[in-house]
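Participant: sequence-free structure coming up:
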């Protein structure tokens with residue numbers, strides 16, 4: 001029994017990571033829905049900069065998902 005190798009499968013780890021990713025996407029969508037609108041009087045250049053930075057990060061995430069699914073953009 002001590003010499004037996006256990007067959008490790010990535011199923012549980014992948015499922016866990018998949019659930020976390022979906023939760024993160026849902027959270028981001030909710031936060032974007034609550035973000036200030038373009039007609040908000042308090043909108044400043046820093047807000048535009050922050051949203052563009054978020055878009056760049058999301059673009060990287062989308063590319064990573066494409067790689068996971070063997071797709072090209």
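Facilitator: Yes, it's here. Values in this document were obtained by computation on a predicted structure and should not be read as measured data.
Participant: gap between residue 55 and residue 42?
Facilitator: Using C-beta to C-beta, to the nearest Å, one obtains 21 Å as the distance from residue 55 to residue 42. Quick note: C-beta positions are derived from backbone N, CA and C, even for glycine.
Participant: quick one: which of those two has more around it?
Facilitator: Counted by other C-beta atoms under 10 Å, residue 55 and residue 42 do not tie: residue 55 has more neighbours, with 10 against 6.
Participant: The more buried one is in what secondary structure piece?
Facilitator: With the criterion set as DSSP states H and E, the secondary-structure element containing residue 55 is helix 45-68.
Participant: Measure how buried residue 63 is and give me the count.
Facilitator: For residue 63, the number of neighbouring residues by other C-beta under 10 Å comes to 13.
Participant: Ignore what I typed, I meant residue 16.
Facilitator: Around residue 16 there are 10 other residues, counting by other C-beta under 10 Å.
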